[in-house]
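Peer 1: Attaching a predicted model along with its sequence, questions to come.
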Amino acid sequence: MKNIARSLAAAFFVLSIGYYLWHGFTYTSAGPFDDGVLAWVGPQMALPIIALTIVPIVFAFTGEGIMAAFTGNNSSAFRDGLVGIGTIKSFRQTGLTVNDQPQIRIDFSVEGADGKIFDSHAKMIVPLTELALLQPGVVLPVRYLPDRTDKVEVDRSGDMSAAQRAMNESMIRKGFTTKAKLDIAERGITAQAVVQSLAVPGEIRNGYSKIELGLVVTRPDGTTFTASVDKFLPPASVAQVQVGRIIQVHYLPENEQEVVIALQVNA
């Protein structure tokens, strides 16, 4: 859609200028006017003026992230792209604004569906009220094209299952979880647990620290049981499991000692 709009605008610009030049040279050479000035000045100027107004607008509003801001969808090129996990490295304003909302260039480290890591960037319009949510280390689902990884788009499909699958596959590849634990998270009973103890043995894997939690889990009937959980967490998530914190967990009734904790990806 972006390429079609830009092509039509460019064609209109060329035709408008071409018509204006044809009109000026034709009527000047025909000599119907004394000095030929009116061959260049008159209603024939309307098309070039319109073209000079429309073309910059079309190119500006079909820029990266602009159409997505108006439609709420990814561009047609990325709409069916693969889903990857993008971790924000840095961000900055580009200087362009739409309705007083700034366009932001976000530099990502992206983990693709095949597990490969690559650097990329995205441009998007971000409301002023949401700027504070953009911080280095924040994880966002992105859409990318395997044959062009220099640019991505933040996923706007609303398909949380696709983003969750990408995140789960990433966690399995890194050894942070297993398919059995993901099955518990999907099929298990949802309950609340209180963190009773926290230990950090010092093991680090891909920047994630291993923690050992002692939990008191409350069953749906109000009774409780204790369980121990080992989990690798990014530094920013450790604050969510401090002693005394209430967290969400999942477990299967037939195996209460295998408890899976559920934490926000971006705390």
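Peer 2: Yep, that arrived. Numbers count the residues shown, from 1 in each chain.
Peer 1: Please count neighbours and contacts with C-alpha atoms only from this point.
Peer 2: Fine.
Peer 1: Now do stretch 12-21: distance to the chain's middle.
Peer 2: 40 Å (C-alpha atoms, centre = their mean, to the nearest Å).
Peer 1: looking at it, Ala185 is touching Leu252, isn't it?
Peer 2: No - counting by C-alpha atoms under 8 Å, Ala185 does not reach Leu252; the two are 9.1 Å apart.
Peer 1: so who does Lys174 touch?
Peer 2: With contact taken as C-alpha atoms under 8 Å, 6 or more residues apart in numbering, Lys174 is in contact with Asn206.
Peer 1: check which helix or strand covers Gln93.
Peer 2: Per DSSP states H and E: Gln93 is located in strand 82-98.
Peer 1: For that strand, buried residues please.
Peer 2: Leu82, Val83, Gly84, Ile85, Gly86, Thr87, Ile88, Lys89, Phe91 (16 or more other C-alpha atoms under 10 Å).
Peer 1: before we move on, what about stretch 204-216?
Peer 2: Across stretch 204-216, burial judged by 16+ other C-alpha under 10 Å covers Tyr208, Ser209, Lys210, Ile211, Leu213, Gly214, Leu215, Val216.
Peer 1: residues in contact with the residue sitting nearest the centre point of the chain?
Peer 2: Centrality entry for the chain: nearest residue to the mean C-alpha point is Val154, 1.8 Å, by C-alpha atoms, centre = their mean. Neighbour list for Val154: Asn74, Ala122, Leu140, Pro141, Val142, Arg143 [criterion: C-alpha under 8 Å, 6+ apart].
Peer 1: and if we set it to 7 Å?
Peer 2: Listed by C-alpha atoms under 7 Å, 6 or more residues apart in numbering, the contact set of Val154 reads Leu140, Pro141, Val142, Arg143.
Peer 1: Select from these the one having the most neighbours.
Peer 2: When neighbours are taken as other C-alpha atoms under 10 Å, the top entry among the contacts of Val154 is Arg143 (28 neighbours).
Peer 1: re earlier: which of the buried residues of stretch 204-216 fall in strands?
Peer 2: Judged by DSSP state E, the buried residues of stretch 204-216 include Tyr208, Ser209, Lys210, Ile211, Leu213, Gly214, Leu215, Val216 as members of strands.
Peer 1: separation between the last one and His250?
Peer 2: From Val216 over to His250 the distance is 13 Å, taken as C-alpha to C-alpha, to the nearest Å.
Peer 1: Then the fifth one?
Peer 2: Leu213 sits at a distance of 15 Å from His250 (criterion: C-alpha to C-alpha).
Peer 1: circling back: can the buried residues of stretch 204-216 go into JSON lines with extra columns for distance to Ile4 and pLDDT?
Peer 2: Below are those laid out as JSON lines (distance: C-alpha to C-alpha, whole Å; pLDDT from 0 to 100):
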{"residue": "Tyr208", "distance to Ile4": "46", "pLDDT": "85"}
{"residue": "Ser209", "distance to Ile4": "49", "pLDDT": "88"}
{"residue": "Lys210", "distance to Ile4": "51", "pLDDT": "91"}
{"residue": "Ile211", "distance to Ile4": "53", "pLDDT": "93"}
{"residue": "Leu213", "distance to Ile4": "56", "pLDDT": "95"}
{"residue": "Gly214", "distance to Ile4": "59", "pLDDT": "96"}
{"residue": "Leu215", "distance to Ile4": "58", "pLDDT": "96"}
{"residue": "Val216", "distance to Ile4": "60", "pLDDT": "96"}
